[in-house]
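Participant: need coordinates for the following:
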Amino acid sequence: MESNFELIEILIVDDDQGDIDLTLEVLEVSKMKLNINVVKDGVECMNFLHKTGNYKNSPTPDLIFLDLNMPRKDGRVTLQEIKADADLRKIPVVILTTSNADVDIVGTYTSGANCYVKKPVGLEEFQQVLQAVENFWFTIVKLPTKV
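Facilitator: Predicted structure coming up:
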């Protein structure tokens, strides 16, 4: 069934292939028209967002799912860089992580995260959480228009 929604660009920033596959599987059944890109760490994320290196033709995401614990550049530093950049700060960032630590929750909100979601362990719970996040961000919330 074809939907009337505009194409929504999503960037997943996560180094765990199992979590990536699970996220893609859940989003694949979406009623929304999604274009999903995946990068494995904060260095790749910033290259993607700045359209440098291998990402010269990358689309500007409407929403970023950002993991915290990654190699090279973690999600905490990446979030700070995104929110410090005038061209990127309007992109909503959903922290999607296994961490339940108060220091991470407070720290990411202080750094400008738009939402903090702890990754559920079970498949069914993960599906429910991602569907709720998707419904909220793409049905209820009005996202900024691209310039």
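
Participant: mean confidence for the helix or strand hosting residue 48?
Facilitator: For residue 48, the enclosing helix or strand under DSSP states H and E is helix 42-50. Across helix 42-50, the average pLDDT comes to 96.

Participant: got the contact list for that helix?
Facilitator: For helix 42-50, contacts defined as C-beta atoms under 8 Å, 6 or more residues apart in numbering pick out 11, 13, 37, 39, 53-55, 58, 60-61, 64, 66, 70, 72-75, 77-78, 81-82, 85, 88, 91. (Glycine included, C-beta is placed from N, CA and C.)

Participant: let's see that with 7 Å instead.
Facilitator: 11, 13, 37, 39, 53, 55, 58, 70, 72-75, 77-78, 81-82, 88 (C-beta atoms under 7 Å, 6 or more residues apart in numbering).

Participant: quick check: buried residues in that helix?
Facilitator: 42-49 (16 or more other C-beta atoms under 10 Å).

Participant: next secondary structure after that helix?
Facilitator: strand 63-66.

Participant: can you list the low-confidence ranges for the chain?
Facilitator: 1-5, 143-147 (pLDDT under 70).

Participant: this structure: strands as residue ranges?
Facilitator: Ranges of strands within the chain are 8-13, 34-39, 63-66, 93-97, 115-118, based on DSSP state E.

Participant: of those strands, which approaches residue 139 most closely?
Facilitator: strand 8-13 (10.8 Å; C-beta to C-beta).

Participant: who are the packing partners of that closest one?
Facilitator: strand 34-39, helix 42-50, strand 63-66 (3 or more C-beta pairs under 7 Å, 6 or more residues apart in numbering; DSSP states H and E).
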